[in-house]
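Student: A predicted structure for the sequence below; I have some questions about it.
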Amino acid sequence: MGSFELGTDGPGAILVGVDGSPTSLRAAAYAAGLARRQRTKLIAVYARTSPGTLLALADHSGVAAGAVLQTQDELAEHLRSELIKQSGIWGVDARLVVRQGDPLTVLADVAKETRADAVIVGSSASVGHRIAGSLAVRLVRAGRWPVTVVP
């Protein structure tokens with residue numbers, strides 16, 4: 001027997017991962033255009049990560065970790081204000097969700113909670129994604145939502 005459908009026609013929410021990088025901002029613009037055309041909500045998600053273990057070991061005074069957290073606070077506030085400004089220009093119902101944790105886990109949790117119909121992320125510019133796998137590849141492997149990767 002199939003799963004229960006809520007009785008809506010078309011997507012209910014589009015989720016986009018943002019972190020302030022150029023590719024995530026392009027993904028947000030793409031997602032906003034899609035949300036506008038589909039007449040659906042746009043949920044931008046910023047996953048704050050904990051300062052690295054290496055930083056914590058080297059930073060006995062906590063100054064560097066404090067600076068990282070302050071920068072994350074400033075970035076979250078900047079993303080929120082830009083989303084408010086741009087959502088009026090784009091003509092979409094948009095909100096920002098900020099959570100602490102691994103980006104994959106945070107995006108998956110928010111997508112599940114909001115019943116997102118699609119997840120959009122920017123392509124990774126990191127060399128490390130070749131080892132651990134990019135966020136986009138890991139989302140695709142989770143196999144729960146259509147994933148669009150914006151270059």
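Tutor: Here it is on my side, so go on.
Student: going by C-alpha atoms from here, please, whenever you check contacts or count neighbours.
Tutor: OK.
Student: give me the phi and psi for the most centrally placed residue in the chain.
Tutor: The centroid of the chain falls nearest to Gly17 when counting by C-alpha atoms, centre = their mean (1.6 Å). Recorded main-chain torsions at Gly17 are phi -90, psi 130, according to degrees, to the nearest 10.
Student: how about Asp19?
Tutor: When read as degrees, to the nearest 10, the backbone of Asp19 gives phi -140, psi 10.
Student: okay, and the residue nearest to it when sequence neighbours are not counted sits in which element?
Tutor: Leaving out its chain neighbours, the residue that sits closest to Asp19 by C-alpha to C-alpha, 6 or more residues apart in numbering is Tyr46, at 5.7 Å. Taking DSSP states H and E as the criterion, Tyr46 maps to strand 41-48.
Student: picking up where we left off before, my guess is the residue nearest to the centre of the chain meets Ser24, correct?
Tutor: Yes. Counting by C-alpha atoms under 8 Å, Gly17 sits close enough to Ser24 to count as a contact (6.6 Å).
Student: this completes my enquiry, with thanks.
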